[in-house]
Each structure stands twice: as structure tokens, then as C-alpha cells.
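Enquirer: pasting a predicted model and its sequence here:
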Amino acid sequence: MSIRIAQIDKTYGRTRALEPIDLDIHDGELIGLLGPSGSGKTTLLRIVAGLEQADGGTIHFGERDVTHVHVRERRIGFVFQHYALFRHMSVFDNVAFGLHALPRAQRPSSGEIRTRVMQLLEMVKLSDFAARYPAQLSGGQQQRVALARALALKPDVLLLDEPFGALDAKVRQELRRWLRHLHEELHFTSLFVTHDQEEALELSDRVVVMSNGRVEQIATPDVLYRQPANRFVFEFLGEVNRLEGDVEDELLTCGNARVAVPEVGDGRHELLLRPHEIRLAEHANDRAHLPVTVTAIVPVGAEVRLELEADWLGEPWQAAVSHADFDRLAITRGKRLFAIPSQLHRFDTARPQTLAPSF
Amino acid sequence: MIASTLRMGRQRRVLPGFGLSLGVSLTFISLILLLPLTSLVGQLAQLSASQYWFLITDPRIVASYGVTLMAAVIAALFNAVFGLLMAWVLVRYEFPGKRLVDALMDLPFALPTAVAGVTLATLYSSSGWVGQLLEPLGISVAYTWVGIALAMAFTSIPFVVRTVQPVLEDLPAEVDEAAITLGAKDAHAFRRVILPHLWPALVTGTGLAFVRSLGEFGAVIFIAGGKPYETEITSLMIFVKLQEYDYAGASAVASIVLATSLALLLAINLWQGRFIKRLHGGRG
Amino acid sequence: MVRIGDAPRVKRLLIGIALALTALFLVLPLVAIFAQALMRGIDVYWHNLSDSYTVAAIGLTLLVTLLTVPVNLIFGVFLAWLVTRFEFPGRRLLQTLIDIPFAVSPVVAGLVYLLLYGRNGWLGGWLDSHDIQIMFAWPGIVLATIFVTCPFVARELIPLMQAQGAREEEAAVTLGASGWTIFRRVTLPKIRHALLYGVILTNARAVGEFGAVSVVAGAIRGQTNTLPLQVEQLYQDYNTVGAFTSASLLALLALLTLAAKAALEWRAARRETAT
């Protein structure tokens, strides 16, 4: 079922929680709402659910206008941040709750309910836990019960509020992959909220980046990372290093550091680059002279993270180099090297600009 | 036990004042609580079993048990409903005067029971403000068990409200929302989701209100009227026996009242402990 | 926000019932007390109030309260310190014992004191021979009142001190503070409100205790009548206006208690939202 959000806005007292927002979600899409706290992402999700009422705008599920439909009749499944399982009910009763709550005429027989619930528990791999109480389950298991409960009524859309927020890193990874597969298998339309960019990029077909109640960019993870619409998106999606200096004749100078910046006009400019966009070398080349000192070394997985300091830098840079480069350059703390950017990003123009000169 | 207690304390105590606070507490509890209570045991020890049985099964006393129990049950049930309603309204809704109503809930604890007693007796007597409205309807409250239940209910109002209120306040909004997103109607969601959360507090509060009602004296005697076999409560019987210098009889009946209250209090605590354990993952 | 029972119709109905019942069961009695007391006008009210027996009853009530509150305050603080700052066998038992006065019928409370100190009681004979009178005199009233009100301060302090833990006191010990300094400078500021609240409750109950006191007082007019006993006696004498005059004083005190409690809670809530 597709979702069409048109001109939805919301104000709490004097705070504008949502500027008028438009968003089209296709049938079967998995969409991540990404943003820092206070960006309005949860408000938007709750408005789609019907848990909050928008001040203006419309929401359609397919052709059905649900703007004024009560949450009870909206046919949504909602997975709460802390799952909100009913702790006095067994896993089975939790999943069966929605079916039992149906009006008598629509309610399946208790045999049918039983079959349906066991199917769902099978799907979330919790068949053996039907008689347990929520307090006896791990966080990941509770999360799966919450999902089974939300899917029991075959909702038109599935909404998830920070679905993995309360879990530790490893369980989170597993669950993410599992949810991705489940989504591909069942093909429901879903919308989830997260503040974790990795989660959003890994899980979503498209990501909606939000800040201050506005949509900053809607794009596939790939496009989002490569072509951020603005500085906020760029900064929010990963670590950022800053370089500020005076440009004259397409050369940026900052203390004793110099770097060629093609197509940048004269004046003071700020350029940004990601840790993996920094290469380290023993010598400067004719287009980049950026002397740095290694002050911290943190090996993380496939790469080594380095902290770089220099007189001409306000705050230290973060760089990521491969283990091969790390060994080749024999990097130790205190080692003096030269940074060579592979790309520089510029957001002070009307349209963001990526400088990829051949250094 | 005290010696070993002292030794244990000394071994790991970091903070000062263990000996002093233990000394003060034990002295106080012994002198103020335990010594007087042992005097009751001492008094009872002078009675033979058959004498004791005779005293506690006197028909007039037995009738008072019935009156007290029935009125206390009704008062507790009334408070279960009224307390739940008040807690719900005070936590979930906003309305003008809410803070005042909230503060008023504690009035029965702050108002001396004798004052409550004479006031209720005056209000509900056949010439009182409320009594004269009820009389044409054939309802008499003063000098009947209805009045006793009313007085008991009044003095124990805060128990249910004040035990349920904090639990309801702490109930996350998500619980409501989860039930609603699953399509549950108000009544269904309240019965199946909200009420089970409130249940331990509700039962505890009702239980405490019941225990309090069983022992209530000041508020009840004025409205009860003291008709033998009909409107005499057990506390009053103890009082009457004392006025007749029948210490043995008073003690025998008091022991029944005391044992019942303590047993109930213990039962409430045990039950509460077990219930809480289940919700927080004991079972299995 | 969507919540259970937030449909306007349901809301109005429930608030309506709640307010009606509150008016009937709580407001009406309160109004009745003052209406009855002032039935014959303010002059009669003053006259009743300055009646010598009433004045004596006020005096005795004040005396009982002034003795009871400090005793229970000190005991409550020591007991709370003991059970929340130390682990020792019998700790739970001690906490259970302190609840007894809540469960015991006040008449039974009076009775056990009568059995202990009365003429035929265990200590009564000895006291009698030394010409010390406890029963049917003010010391008995004070003792019975202490019994009935002893849990209040401790019950307010224990959960709070348990939740606060002993970290700060332990820090003070490592800094070399003495016991009294720790209590005064570290603990007391943290428990001030609970302590005050406990005192307010103790005070309200001490002033108003009826059942226990009526057993041990013997109701000698002008000597062993506290205000609640005075209310009873005047009421039994069919002096309704007189009874409600004394009752109105007690009701006024109850209202002050409620106001003080609400103010304390309001301040606590405001501080919570401020941080």
C-alpha cells in the first residue's frame, strides 16, 4: 500500500515541530526517517500512525484518505521504541491481542486465532516462547514479539519507532538483516524512525533526512552519501573534517598549508572532507602541501583511524587509512606526514560542489 | 540475636551511628510497641481455652463481627471503585479545580475521626441535610449498617486513590498507544491492558482500606447508634467491655481484631511481593 | 496524543461523576462542620470557643502534640538511618514491626496501654504505690498518641533514604566528617521535605486521635479531655453547636495540613521540572 503525505505540518505551542511536508512512499518500500532528536521525525511517524493529529495537510494510504481516520481504524502496525509489550500477558496473548480486540462479527474463531498467532511466532522464530512472559525474554526477542504483534492484523503499513534503539550493537546488526529479509519476503510498506545513519543507510530503500521539522533530502542511500543535498546532510551522515582558509588564484592558504582548489573564487572559504577522503604521504605534492602530525592511532576493523594535528588546524582531523598504507608508511604517534585530499566538498554556494581535482 | 546483630554491624559498617540508632530504635520499639502488646498476651494467658472461647463467641460479639465485616467489605468495595475513578480522573484529565480536588482526597486522613463521625451522623440523621432528602425515599442511613459502611468508606478514601495514582502516572503512554494501534476499543483496552497494570496497587489499596475499616472506631460510633446485634461494631464492643471494667473480655475480643488485622496486612504484603515478582520475570 | 478514554463524551462523564462524588463525600461534610458551628452566629461561636472546658481541651491537645511530635521525629530519624544505612539480620522484621500501629484498631491500642499501666496492669500496681498516675491522666494520653503516630515519620523517610543510597554519606566519611556533621550537612538537606511531611502527618494524627485516647483518658472534663474527646462529649450532651465549634477548630487544622502538604508537593514538583 502506498503512502502519500501532502503538506503535513504540526506546531506544539510555539514550537514548529513540522514544516509542511510532502512525501510519497511507494507500495512495498522501506523508508527510513533519519535525523537528530528534535528533527520532527518521530512526530511525522506518529502523525502517519494517527497517534498525533496534524494541524494541516492530508495523508492517503493508497486511494484511502486517512487524514481524519482514528488510529484504531487506520490499519497500521506500530512497533514502539521500547516495544510496549503488555507485561502481564504471555507472548501468545500479546500477539493475539489485536485479533481478540476485533468486533465479534470480524473476530476469527479461537482456533483460527491460535493458528495465526503460531504462524506469526514461527515467522519471528519464537514458537517455543509462546507461553513466556515479556520479562523473561531478551531485548531482541521482545523486539520480535512486538513485530509479530504489529503484523497480526495484516496492517496496510508498518511503522517502527527507533526499532533497534534499545539493543546492543551485535543484536542490532542481526535484527536489521533479519528485518530486511522479512521485508523482502512479505513486501509490506514500512516507515521507520532512526537517529543512527548507519542503520538508515543499511536498511532503507530510500532515506528521508530531517532536521528542525524540515526534510533536508530524500534519496537512496547511495545518492545520499555521494551527493548530499546540503551541508547538514553531509555532516549528519558521517564524520567531517574542516579546512578554512583564504583563496587566491584557486589556491587555498591557511598558515603554512596550501591546497589547490580549482574553480573556487577568491575570498575566505570553508571546505569539508570525510576521513576516508584523506590520503597520507611522506612528501607533499605540487597541488597539496598539508603537513600534519599523527597524535592518536585506533585500529578499527578493516582500517586504522588516525587523529591528525597541525598548527594550521583549528580542531584535529580524523583520517582513515588501510592497514597496508599504515604499514607502508610505518605510522607511529608523533610521525609527521602530509595529507592529500582526494575530494573536497563545498556547501557555501547555492548548489553543493564537490571538488575532485587530480591531486 | 542482638549480640550477633551488633557484631555483624561492626564488621562492615562504614557509616557511623549504627550502635546509637540500633539502641534508640530497639528501646523505642520495645517500650512503645512490644511491651504494651505483651501485656495483652499476659492478660490472655490468664484465661483458659474454654473461657476464651466463651468470651469470643458471645452472640452479641459474634453479631458485631458480622456487622463489622459486612460494612468493611462494602466500604472497601466502594473505595475500590471510587478510588480507581478518582485516580483515573486526576491523572488522565485536566479540569478546573483539579489541584483542589487532588488535595481534598487526603481530607479523611487529616480530619480527626471523631469530627468525621459527628459530621456524618449530623448530615445523615433524619433531620440532616442529606438524611431528610433520603427519608422520603425510605432510605435511612444513620443508625443502620449503611451509615457504618459510609463512615468506614469516608475514613479510608485516601488508600485506593493514593496507591493507584502513582502507578497510573508511571504507566507509559506507549501502553495506551500499543492497545489502540492494535484496534482495541476503550472498554476492551482498559479491562485487558490498563486494569492488569493497576491490579496490584488496586488490591493493595483496597486491602488497606478494608483493614482500616475493620478497626475504625471514632468515625463509626456516632452514626452507628449502637443497637445490640444490629449496629454494634467490634471496636465498640471492646470499648463497652472496658467501660464495664471487663478487661478479660475486652482483651479476648481485641486479640481477634488484632490477629485479623495483622494476618491481613501480612497477606497483602506477601501477595504483592509475588505479583511483582511475576511481572519482573521471576516465574520459571 | 491518543489515549484510552480521551473521547470528550467519556471524559465529561467521568469528570462529572468524580466531581459529584467528591462534592457529596468530601466537600459537603466540610461545609457542614462550619455551618453547624456558626449556626447561632459568630457571637455564640466565640462564646463556645472561650468556654473554659474547651480552652482546657485545646491546651491539653497542644501539650500532647508538642510532646508526641519531637519524640516520633527523633525515633523516626534514627530508625530510618538504621534500616537504610546498615545491613543486619532482623532489618526486615524491624520494618514490619513499625507498621503495626497502622493495622491495629485504635481502641486496641488504647486497651494494651490500659492493661500495662492501669490499676490492675503489670506496672499499674508499682506505679500506684509510688503515686504515679499514667492512665486517666495526660501521660497516658501522650503514650497512646505516640503509639498511634510512631510510623509516620519513619514511613516517609525510609523509602526516600533507600532510594537516595549512602554514596554521599560515604563520601563524607572519606573526607573525615563526624557522624553528627554527616547527618546535619549531608543527610538532613536531602530529607528535609520528607521529614517536614512526616511531621505534618504526625501532627495531624496526634491532634485528632480519638479511639486510643478515649480509652486511656477517662474523660474528666477540664483535665483529660482533648479536643476530639470534647467534641464527642458535647455531642453526646446534645450541645451540637458546641461540639461543632470544637470540631471546626480541628477541621481548620486539617485544612491547614492539606494546604501544607499540597505546598510541599508543589514545590517538589517544581524543583523536579526545573532540573
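Expert: That came in fine, so what should we check first?
Enquirer: what does chain A put close to chain B?
Expert: Selection of chain A residues close to chain B by C-beta under 8 Å from any C-beta of the partner chain yields A:49, A:51, A:71-73, A:76-78, A:80-82, A:84-89, A:97-98, A:100-102, A:132-133, A:135-136, A:149-150, A:152-153. For glycine as for every other residue, the C-beta is placed from the backbone atoms N, C-alpha and C.
Enquirer: overlap between those and the residues near chain C?
Expert: Within those, those near chain C by C-beta under 8 Å from any C-beta are A:51, A:71.
Enquirer: grab the nearest non-local neighbour of C:V10.
Expert: In this structure, C:V10 finds its nearest non-sequential neighbour in B:D186, 6.5 Å apart by C-beta to C-beta, 6 or more residues apart in numbering or on different chains.
Enquirer: and the one you found, what is it in contact with?
Expert: For B:D186, the contacting residues are C:4-5, C:7, C:10, by C-beta atoms under 8 Å, 6 or more residues apart in numbering or on different chains.
Enquirer: Throw together a ChimeraX command that grabs the buried residues out of the residues of chain A next to chain B.
Expert: Here is the ChimeraX selection string for the buried members of these, based on 16 or more other C-beta atoms under 10 Å in any protein chain shown:
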select /A:49,51,71,72,76,77,78,80,81,84,85,86,87,88,89,97,98,100,101,102,132,133,135,136,149,150,152,153
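Enquirer: domain map for the chain?
Expert: Reading this off chain A. Following automatic domain parsing, chain A resolves into domains at A:3-236, A:242-355.
Enquirer: switch to chain C, that's the one I care about
Expert: What the record gives for chain C is the domain set C:8-37, C:41-274, from automatic domain parsing.
Enquirer: quick one: which of the ones you listed is nearest A:P291?
Expert: domain C:41-274 (48.2 Å; C-beta to C-beta).
Enquirer: so how far is the closest one from its chain's centroid?
Expert: Taking C-alpha atoms, centre = their mean, to the nearest Å, one finds domain C:41-274 lying 4 Å from the centre of the chain it belongs to.
Enquirer: pLDDT wise, what is the residue nearest to C:V10 at?
Expert: pLDDT, B:D186: 92.
Enquirer: got the domains of chain A as CSV, with distance to B:V115 and mean pLDDT columns?
Expert: What follows is the domains of chain A, written out as CSV (distance: least, C-beta to C-beta, whole Å; pLDDT from 0 to 100):
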stretch, distance to B:V115, mean pLDDT
domain A:3-236, 41, 92
domain A:242-355, 71, 90
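Enquirer: can you give me the distance of the residue lying closest to C:P29 once chain neighbours are set aside to C:V231?
Expert: Leaving aside its sequence neighbours, C:P29 sits nearest to B:T119 (C-beta to C-beta, 6+ apart; 4.6 Å). To C:V231, B:T119 is 10 Å away according to C-beta to C-beta, to the nearest Å.
Enquirer: those two: which is more packed in?
Expert: Neighbours were counted for B:T119 and for C:V231 using other C-beta atoms under 10 Å in any protein chain shown; C:V231 has more, 32 against 29.
Enquirer: pretty sure the more buried one is in contact with C:S246, am I right?
Expert: Yes: using C-beta atoms under 8 Å, C:V231 is in contact with C:S246, at 4.8 Å.
Enquirer: before we move on, back to that, out of the domains of chain A, nearest to C:W81?
Expert: The minimum distance between C:W81 and the domains of chain A falls on domain A:3-236, with 33.9 Å, by C-beta to C-beta.
Enquirer: quick one: terminal-to-terminal distance for that closest one?
Expert: 26 Å (C-alpha to C-alpha, to the nearest Å).
Enquirer: distance from that domain to the middle of the chain?
Expert: Worked out by C-alpha atoms, centre = their mean, domain A:3-236 lies 14 Å from the chain centre.
Enquirer: can you list the buried residues in stretch A:40-60?
Expert: Buried residues in stretch A:40-60 (16+ other C-beta under 10 Å): A:40-52, A:54, A:57, A:59-60.
Enquirer: among those residues, which ones are in helices?
Expert: Of these, the ones assigned to helices by DSSP state H are A:41-49.
Enquirer: average model confidence for stretch C:151-170?
Expert: 90.
Enquirer: that one close to chain B?
Expert: Yes: with C-beta under 8 Å from any C-beta as the criterion, chain B is reached by stretch C:151-170 at C:166, C:169-170.
Enquirer: ok, and what's touching that stretch?
Expert: Under C-beta under 8 Å, 6+ apart, the answer for stretch C:151-170 is B:14-15, C:72-73, C:75-77, C:79-81, C:83-85, C:95, C:98-99, C:101-102, C:182, C:186-187, C:190-191, C:194-195, C:197-199, C:201-202, C:205.
Enquirer: appreciated, that's everything.
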